[in-house]
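Okay, here's the prediction I keep looking at, along with the sequence it came from:
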Amino acid sequence: MPLPDPNLRHPIILPDGQPHTGTVMLSRVVENPNFSVGDYTYASDFDPPRDWSSHLAPYLFAGARERLRIGRFCQIAHGVKFITASANHAQEGLSCFPFPVFDPAQMAGFQPDTRDTVVGHDVWIGYGALILPGARIGDGAIIGAGAVVRGTVPPYAIMTGNPATVARHRFPKPQIARLLTLKWWDWPAELILRAEPAITSGDLDMLEALAPD
């Protein structure tokens, strides 16, 4: 099977020849400078928005100091939301009420939380998952439907629940270490295409044999 064209807005072509408008290559539709996405990462929605950036990350305002970074080959299902750092209120005082945001003179410098939110490569984020400010999701992780994720997610962990916890790891630790060394998602497209049978069948030995020197 050929790799999808990372430059296409709609990478899935239906049998009748029409593009599936509910799925987009996210790097082709994100216009927020604080929101970066790697090649081949796609998002799907049953009601495709006009503005994918604000649909997925509604609090990632222009001029905010945090970043949302998503790696390559990620898969983002309907209803996923990234609640980025600008959504947080200060908690040190006697009230969480954000008085400064109502004063234009203070608004520009007021941001109690500036943590970046980072999603690694080859991460599957399931239906309706909620990713909270400052989350760091490791390569190869799976975020279960409806999970509420905060903090650090280990590579190749399967996270479920609210708050999300590790249900299990996808592979034993030695295999995870080998995968993290290979970083197949960074290979040239033609080599990933050759490695597709190994990737889809779970043949790690074959994948290692194809790895570039």
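Nice, I can see it.

and the closest residue to residue 38 other than its chain neighbours, which of the three is it?
Excluding its sequence neighbours, the residue lying closest to residue 38 (Cβ to Cβ, 6 or more residues apart in numbering) is residue 72, at 3.5 Å. (Glycine included, C-beta is placed from N, CA and C.) Recorded secondary structure, residue 72: coil (DSSP: H, G, I helix; E, B strand; the rest coil).

For residue 72, the count of nearby residues, please.
For residue 72, the number of neighbouring residues by other Cβ atoms under 10 Å comes to 21.

Pull the contacting residues for it.
Neighbouring residues of residue 72 by Cβ atoms under 8 Å, 6 or more residues apart in numbering: 38-41, 121-122, 185-186.

out of those, which are buried?
38-41, 121-122, 185 (16 or more other Cβ atoms under 10 Å).

between the residues you listed, which is nearest residue 151?
Closest approach to residue 151 among the buried ones among the contacts of residue 72 (Cβ to Cβ): residue 121, at 19.1 Å.

what's the most distant pair in the contacts of residue 72?
Farthest pair in the contacts of residue 72 (Cβ to Cβ) is 41 and 186. Separation: 13.6 Å.

and which of the contacts of residue 72 is nearest residue 6?
Lowest distance from residue 6 to the contacts of residue 72 (Cβ to Cβ) belongs to residue 39, with 4.1 Å.

The closest one reaches residue 4, doesn't it?
No: look at residue 39 against residue 4 with Cβ atoms under 8 Å: they stay out of range, at 9.7 Å.

Identify the contacts common to the two.
With Cβ under 8 Å, 6+ apart, residue 39 and residue 4 have common neighbours residue 25.

which residue lies farthest from the center of this structure?
Here the chain reaches farthest from its C-alpha mean at residue 94, the gap being 35.1 Å by Cα atoms, centre = their mean.

Any figure for the gap between it and residue 198?
From residue 94 over to residue 198 the distance is 58 Å, taken as Cβ to Cβ, to the nearest Å.

counting contacts, what elements does the longest helix along the chain pack onto?
Assignment by DSSP state H gives helix 189-201 as the longest helix of the chain. On a contact count with 3 or more Cβ pairs under 8 Å, 6 or more residues apart in numbering; DSSP states H and E, helix 189-201 meets helix 204-210.

Pull out the buried positions in the helix it packs on.
By 16+ other Cβ under 10 Å, the buried positions in helix 204-210 come out as 204, 207, 210.

Could you do stretch 19-28 as well?
For stretch 19-28, the neighbour count (16+ other Cβ under 10 Å) marks 23-28 as buried.

got the contact list for that stretch?
Contacts for stretch 19-28 (Cβ under 8 Å, 6+ apart): 4, 6-14, 37-46, 48, 52, 70, 74, 76.

again with stretch 42-55
4, 11, 21-26, 29-32, 35, 56, 60, 74-80.

End to end on that stretch, go ahead and measure it.
Taking Cα to Cα, to the nearest Å, stretch 42-55 runs 14 Å from one end to the other.
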